[in-house]
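**Student:** Below: sequence and its predicted model.
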Amino acid sequence: MEEQRNKAPLLDEGDFLLIDKPLDWTSFDVVAKIRNTYKQSGMKRKVGHCGTLDPKATGLLILATGRKTKEISALEVLDKVYDGAIKLGVMTESHDSETSEYGHCSTDHLTESMIKAVASECIGIHQQQPPMHSAAWHNGKRLYEHARKGVVIKERKAKEIVIYRFEITSIELPMVYFVLHVSKGTYIRVIAHEFGSALGVGGYLASLRRVSIGSWQLSSSRTVSETIEVILQQGLRTSPCDGR
């Protein structure tokens, strides 16, 4: 309760809301929920998010409201830090837990030194293609729309990303736990897939949690329900005629 009281208040004129995104929610699900809550409270607010999280990822999602939506682009370029787990010895089409496993093989021969060596080799600048199961655009459609029809777009445009830190925090084969510090627009699912391939056994992203965006920390976030409660309380203190 003391930590909750120390969190910054939501401002009437717009603010950045730090949300701990739940599992299986899309980023837009969170935006829509918060936008609807403002509407139900009699307050008009623009709401947008500053960096997408996949449905199977949890953690820090920053929403901008009101006048702060004009500053979204400034937050989207910030570095991100994640922790999570890669499952080795198996793959999925989406490179995460959203699709079924295939290609099972043994991981018994893998050692800690082998795993940490591959992680170390990943640090640096890379050209990364977006995965087919992603919201990246291709010819006016999201890549996931093509993927759901069984179409693979091979000429997906790659972009430069930077992996600043790839720390292996624990190994409990077939699970490998990590912390990653990366530049904007990095797909952690792709790193997990390539990490498994480099070890010769395959792998996919079993879990992911975003813990920071620039200097913004997950520890300062609220759950969706906590944020809704604060907005509703704010609405009770605001005139129904307030149309900002």
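**Tutor:** Done, it's in. Predicted model, so just to flag it, every value in this text is computed and none were measured.

**Student:** Please enumerate residues in contact with the longest strand anywhere in the chain?
**Tutor:** Scanning the chain for the longest strand, with DSSP state E as the assignment, gives strand 159-172. The contact list for strand 159-172 (CB atoms under 8 Å, 6 or more residues apart in numbering) reads 79, 81, 83, 112, 115-116, 119-120, 122-128, 176-183, 185-186, 191. For every residue, glycine as well, the C-beta is placed using N, CA and C.

**Student:** That strand pairs with which strands?
**Tutor:** According to DSSP bridges, strand 159-172 forms sheet pairs with strand 124-128 (antiparallel), strand 175-182 (antiparallel).

**Student:** Could I get the average pLDDT for that strand?
**Tutor:** Here strand 159-172 scores 97 as its mean pLDDT.

**Student:** Now stretch 210-230: buried residues?
**Tutor:** R210, V211, S212, I213, W216, L218, S221, R222, V224, T227, I228, V230 (16 or more other CB atoms under 10 Å).

**Student:** so I72 sits right up against G48, yeah?
**Tutor:** Yes - taking contacts as CB atoms under 8 Å, I72 lies within contact range of G48: 5.4 Å.

**Student:** Name the residues contacting each of the two.
**Tutor:** Contacts common to I72 and G48, judged by CB under 8 Å, 6+ apart, are A64.

**Student:** so where does E145 fall, helix or strand?
**Tutor:** Assigned by DSSP states H and E, E145 belongs to helix 143-148.

**Student:** Could you list the buried residues of that helix?
**Tutor:** L143, Y144, H146, A147.

**Student:** do the same with stretch 90-103
**Tutor:** Result for stretch 90-103 [16+ other CB under 10 Å]: buried residues V90, M91, T92, E93, S94, H95, D96, S97, E98.

**Student:** for stretch 71-83, same thing?
**Tutor:** I72, L75, L78, D79, K80, V81, Y82, D83.

**Student:** Of those, which belong to strands?
**Tutor:** Per DSSP E, these map to strands at K80, V81, Y82, D83.

**Student:** sorry, back to before: can you give me the offset of the helix holding E145 from its chain's centre?
**Tutor:** Computed by CA atoms, centre = their mean, to the nearest Å, the chain-centroid distance of helix 143-148 equals 19 Å.

**Student:** just stretch 122-134 next, same as before
**Tutor:** Mean-position distance between stretch 122-134 and its chain equals 15 Å (CA atoms, centre = their mean).

**Student:** what comes up buried for it?
**Tutor:** Buried-residue list, stretch 122-134, by 16+ other CB under 10 Å: H126, Q128, Q129, P130, P131, M132, H133, S134.

**Student:** min pLDDT across the residues you listed, which one?
**Tutor:** Among those, S134 has the weakest pLDDT, 69.

**Student:** For the residue sitting nearest the centre point of the chain, give its distance to D24.
**Tutor:** The residue lying closest to the centre of the chain (CA atoms, centre = their mean) is L53, at 2.9 Å. Separation of L53 from D24 (CB to CB, to the nearest Å): 11 Å.

**Student:** Redo the strands paired with strand 159-172 as JSON lines? Include distance to L17.
**Tutor:** Output for the strands paired with strand 159-172, formatted as JSON lines (distance: least, CB to CB, whole Å):
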{"stretch": "strand 124-128", "distance to L17": "29"}
{"stretch": "strand 175-182", "distance to L17": "23"}
